[in-house]
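In: Following is a predicted model, sequence given first.
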Amino acid sequence: MPIPRRAVLEQLAAESDATARETTTVVTLAATLEIDERAVEAHLQGLAACELARIDADGNTRVTITGEELLELGTDEVVIVDALGQVSGR
């Protein structure tokens, strides 16, 4: 069963720190979440597009302050965040 993006964000927040700029790796996240590295990379790309995660040139990643704040809201409902630069056809 596919893992929700929120679970990846939660684990990323647990293994990194926005303020201290501490990072983790795709390999570490994939091992902890027990999913394929490509699935983690896809989720991280989506999170980065919404400014909830950062991925550096070396492939290391961390949660952003915005990502931490979103998790602090503590909502159990679905949260929809548009990717930057996306224009809806409304």
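Out: Cool, got the structure.
In: which stretches of this structure form helices?
Out: All helices of the chain, identified by DSSP state H, fall at 5-15, 26-33, 37-49, 65-72.
In: can you pull the buried residues of the third one?
Out: Meaning helix 37-49. Burial within helix 37-49, assessed by neighbour count using 16 or more other CB atoms under 10 Å, is assigned to 39, 40, 41, 43, 44, 46, 47, 48. All C-beta atoms are positioned from the backbone trio N, CA, C, and that covers glycine.
In: Nearest to residue 29 among those residues?
Out: residue 40 (4.9 Å; CB to CB).
In: Report the separation between that closest one and residue 50.
Out: Applying CB to CB, to the nearest Å, the value for residue 40 to residue 50 is 16 Å.
In: just residue 75 next, same as before
Out: Per CB to CB, residue 75 is found 15 Å from residue 50.
In: So for the two, which residue has more residues nearby?
Out: The neighbour count for residue 75 versus residue 50, taken as other CB atoms under 10 Å, is higher for residue 50 (19 against 10).
In: The more buried one: what's its closest spatial neighbour, skipping adjacent residues?
Out: residue 81 (4.4 Å; CB to CB, 6 or more residues apart in numbering).
In: got it, and residue 3?
Out: That would be residue 35: by CB to CB, 6+ apart, it lies 5.4 Å from residue 3.
In: got it, and residue 15?
Out: Leaving out its chain neighbours, the residue that sits closest to residue 15 by CB to CB, 6+ apart is residue 24, at 4.1 Å.
In: Enumerate every residue touching that neighbour.
Out: By CB atoms under 8 Å, 6 or more residues apart in numbering, the contact set of residue 24 is 12, 15, 16, 60, 61, 62.
In: Neighbour-wise, which one of those residues leads?
Out: Going by other CB under 10 Å, residue 12 tops the contacts of residue 24 with 29 neighbours.
In: Mind pulling up the pLDDT for it?
Out: Listed pLDDT for residue 12 reads 97.
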